[in-house]
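Trainee: Starting from these lines, generate the structure:
(2 chains)
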Amino acid sequence: MKMKNPVMTASGTFGYGEEYSEFVDLNSLGAVVVKGISLKPREGNPPPRIWETPCGMLNSIGLQNVGLEEFLKFKLPFLRQFDTNVVVNILGETLEEYVQLCEALDKVVEAIELNLSCPNVKKGGILFSEDPEIFKKVIEESRKKIKHSVMIVKLSPMSDVKKFAKIAEQEGVDALSLINTIPAMAIDIHTRRPRLSNLVGGLSGPAIRPVGVKMVWDVFSTVGIPVIGMGGIITGEDAIEYILAGATAIAVGTANFVYPDATIRILNGIEKYMRLYNIEDINSLVGGLIWEG
Amino acid sequence: MSRHFRAEVLARESLTPRHVLLRLRPLENSLTPVPGQFYLLRVSQTLDPLLRRPFSIFSFEKEEISFLFIRKGRGTEILSNLRPSDQIEVFGPLGRGYPLPEQEATALVVAGGMGIASLFPLLKAIRKDTVLIYGAKTKSDILLKEQLNSLEYVKTIICTEDGTEGIKATVLEPLDDLLQRHTDKNITVYACGPDGMINAVKRMIDHYSLKGFFSLEERMACGLGACLGCVRKTQKGMKRVCREGPVFSGEEL
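Mentor: This next block holds a predicted model:
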């Protein structure tokens, strides 16, 4: 997948692109990653779904989405007006659903990102990202159906990322994205009730950035396939930090809620850094961390 | 014209020790809102608090846009410490506002507590005989008495739970009383207030088969309908307060 720059959006934070098109020229983004799509529409969790925390937020949306059919019919045509890559984040409740989604989306979009680690939805008490055997199986079967699009697997920060990254690489995955949100909780001490109806949500925002940078470095040092880094990127400097840790591309998530034009601000920040150090090719910075360890 | 602009603080007025009127001057051309629409204000220059805070528009003039709120948490605390000439990032107008009553219809406006902030611009815009039922816990929570008095079309019924101002009642008693006496059923009810009040008013207008519009409040992140953080369950599934709302019709809820 050719990208005009390393800036992508993080799934679930940019809707289907349309929501932000008033503030962001979608042509200027490396890729738009849309809200996670399931085979059938999903209603998601009851409210309250979000709670602000220091330099971050919890969310438990519960993967509300329009479903594959409506995405293809209404959401994708809008995105096709723009000269950018479309990446669809997919989520299944069963192995078969992943396979069907891959089959339906292969060649239709530039890349498919397998979400195996949403902290807000569990099926049978286990996430696909928790058990290496299940993880491997989903990837193996999905890989068979993805013949033209780029195949990305999103990694959970709750797993041994090095181990899971290796499994993904061995199964022929083209790129890895990390980190997903970190499972977290908040309690209203006056009512003694959870802040989120779902009890647990995913923590995102600048609070988790150092965790993301470390995990990107871990994965970059372990596998040879490209890494998409994300977690709390608000500025161009934050993006550079991820790139130095080994990210070939970066995704902007919670920052979109803080600044509707966050992606453009980050893009400009990256260019400013490149001018400052006379860097012509951003790829020369990937994994450029200097460390005598 | 952008919905994302900077504004300068003109004044921060304390209506009571807890109620603040924040008056801003947009530094760029901004769009004209309709009553019931809202704005997201960036409260901090830093990343904590991280998210913007939603406020319904209180008043809008060519050179001035203002918000009325109660000091309640960290965000409103920071906003209530702003000083004239401080700058702030403003994002809006967002969402759907109140539709004006149809030509033949009479408006009945029900405000609970801070709900008055969202309904006040509507009262100014209606420009025909309207009844406002305005309830709060106690006398010190009743705001804008003079301004309401100066609205010539508006007849205000004030009620407080402890009876320290107006009649001792919640908004529901005078509302029921009025609806029972009214033979003309071409009434449109507008309500903004706590969820409990909204639900009770909604039940009442259903009982009398009236048309109604309700403004809801929910914690929000993006304000654009992208994050799906602010949904409410409606007759037609989950709806986003920031996009399909904050004003919903009675049939939708």
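Trainee: Just list the residues touching the spatially most central residue of chain A, thanks.
Mentor: In chain A, the residue lying closest to the centroid (C-alpha atoms, centre = their mean) is A:Ala10, at 4.4 Å. Residues near A:Ala10 by C-beta atoms under 8 Å, 6 or more residues apart in numbering or on different chains: A:33, A:230, A:251-254. The way it works is simple: take the backbone N, C-alpha and C, and place the C-beta from them, glycine included.
Trainee: mind running it again at 7 Å?
Mentor: A:33, A:230, A:251-253 (C-beta atoms under 7 Å, 6 or more residues apart in numbering or on different chains).
Trainee: quick one: the helices in the stretch 151-253 of chain B?
Mentor: B:172-181, B:195-207 (DSSP state H, counting those that start in this stretch).
Trainee: how close does A:Gln35 sit to chain B?
Mentor: In this structure residue A:35 is Lys, not Gln. According to C-beta to the nearest C-beta, to the nearest Å, A:Lys35 stands 8 Å off from chain B.
Trainee: quick one: low-confidence ranges for the stretch 101-250 of chain A?
Mentor: Across the stretch 101-250 of chain A, residues meeting the criterion (pLDDT under 70) sit at A:118-126.
Trainee: Get me the contact residues on it for chain B.
Mentor: Proximity of the stretch 101-250 of chain A to chain B is confined to A:205-206, A:234 under the rule C-beta under 7 Å from any C-beta of the partner chain.
Trainee: As a check, name the ranges of all strands in the stretch 151-293 of chain A.
Mentor: A:175-178, A:182-184, A:187-188, A:193-194, A:201-204, A:227-230, A:249-252 (DSSP state E, counting those that start in this stretch).
Trainee: And the stretch 51-200 of chain B, by the same measure?
Mentor: Counting by DSSP E, counting those that start in this stretch, the strands of the stretch 51-200 of chain B are B:53-56, B:59-61, B:64-70, B:87-94, B:106-112, B:130-136, B:154-160, B:167-168, B:187-192.
Trainee: Can you check which of those strands gets nearest to chain A?
Mentor: strand B:87-94 (6.6 Å; C-beta to the nearest C-beta).
Trainee: before we move on, the earlier item: nearest to chain A, out of the helices of the stretch 151-253 of chain B?
Mentor: Short answer: helix B:195-207, nearest of those by C-beta to the nearest C-beta, at 11.0 Å.
Trainee: how does chain B divide into domains?
Mentor: With domains defined by automatic domain parsing, chain B comprises B:4-94, B:106-249.
Trainee: quick one, what contacts residue 130?
Mentor: Going with chain A. A:Ser159.
Trainee: should've been chain B
Mentor: Contacts of B:Thr130 (C-beta under 7 Å, 6+ apart): B:107, B:109, B:123, B:153-154.
Trainee: returning to that earlier point: for chain B, state which of the contacts of A:Ala10 is nearest.
Mentor: Of the contacts of A:Ala10, the one sitting nearest to chain B (C-beta to the nearest C-beta) turns out to be A:Gly253, at 9.7 Å.
Trainee: what number of residues lie near the closest residue to chain B within the stretch 101-250 of chain A?
Mentor: Closest contact between the stretch 101-250 of chain A and chain B, by C-beta to the nearest C-beta, is at A:Pro206 (5.0 Å). Using other C-beta atoms under 10 Å in any protein chain shown, A:Pro206 has 22 other residues around it.
Trainee: The spatially closest residue to it that is not a sequence neighbour: neighbouring residues, count only.
Mentor: Take A:Pro206 and drop its neighbours on the chain: the residue closest to it by C-beta to C-beta, 6 or more residues apart in numbering or on different chains is A:Gly232, 4.1 Å away. The number of residues packed around A:Gly232, counting by other C-beta under 10 Å, is 27.
Trainee: if we can go back for a sec, excluding chain neighbours, give the residue nearest to the residue nearest to the centre of chain A in space.
Mentor: A:Gly253 (3.3 Å).
Trainee: Who are the contact partners of that neighbour?
Mentor: So A:Gly253 contacts A:10, A:13, A:204, A:230 (C-beta under 7 Å, 6+ apart).
Trainee: for the stretch 51-200 of chain A, what spans make up the helices?
Mentor: For the stretch 51-200 of chain A, helices defined by DSSP H, counting those that start in this stretch occupy the ranges A:67-70, A:76-79, A:95-105, A:132-145, A:161-170.
Trainee: Show me the contact partners of the first one.
Mentor: When you say that, I think you mean helix A:67-70. A:37-41, A:101, A:104.
Trainee: I would like a ChimeraX command selecting only the buried ones among the residues you listed, please.
Mentor: In ChimeraX syntax, the buried subset of the contacts of helix A:67-70 is picked out as below (16 or more other C-beta atoms under 10 Å in any protein chain shown):
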select /A:37,38,39,41,101,104
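Trainee: what would the contacts of helix A:67-70 look like in JSON lines with distance to A:Met151 and secondary structure?
Mentor: What follows is the contacts of helix A:67-70, written out as JSON lines (distance: C-beta to C-beta, whole Å; DSSP: H, G, I helix; E, B strand; the rest coil):
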{"residue": "A:Ile37", "distance to A:Met151": "15", "secondary structure": "strand"}
{"residue": "A:Ser38", "distance to A:Met151": "18", "secondary structure": "coil"}
{"residue": "A:Leu39", "distance to A:Met151": "18", "secondary structure": "coil"}
{"residue": "A:Lys40", "distance to A:Met151": "23", "secondary structure": "coil"}
{"residue": "A:Pro41", "distance to A:Met151": "24", "secondary structure": "coil"}
{"residue": "A:Leu101", "distance to A:Met151": "12", "secondary structure": "helix"}
{"residue": "A:Ala104", "distance to A:Met151": "14", "secondary structure": "helix"}
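Trainee: Now for the contacts of helix A:67-70: which two are most distant?
Mentor: A:Pro41 and A:Ala104 (14.7 Å; C-beta to C-beta).
Trainee: nearest to A:Leu285, of the helices of the stretch 151-253 of chain B?
Mentor: Closest among the helices of the stretch 151-253 of chain B, using C-beta to C-beta: helix B:195-207, at 50.5 Å.
Trainee: does that closest one come close to chain A?
Mentor: No: against chain A, helix B:195-207 shows no contacts by C-beta under 7 Å from any C-beta, the least distance being 11.0 Å.
Trainee: name the helices or strands packed onto that helix?
Mentor: Secondary-structure packing of helix B:195-207 (3 or more C-beta pairs under 7 Å, 6 or more residues apart in numbering or on different chains; DSSP states H and E): helix B:172-181, strand B:187-192, strand B:211-215.
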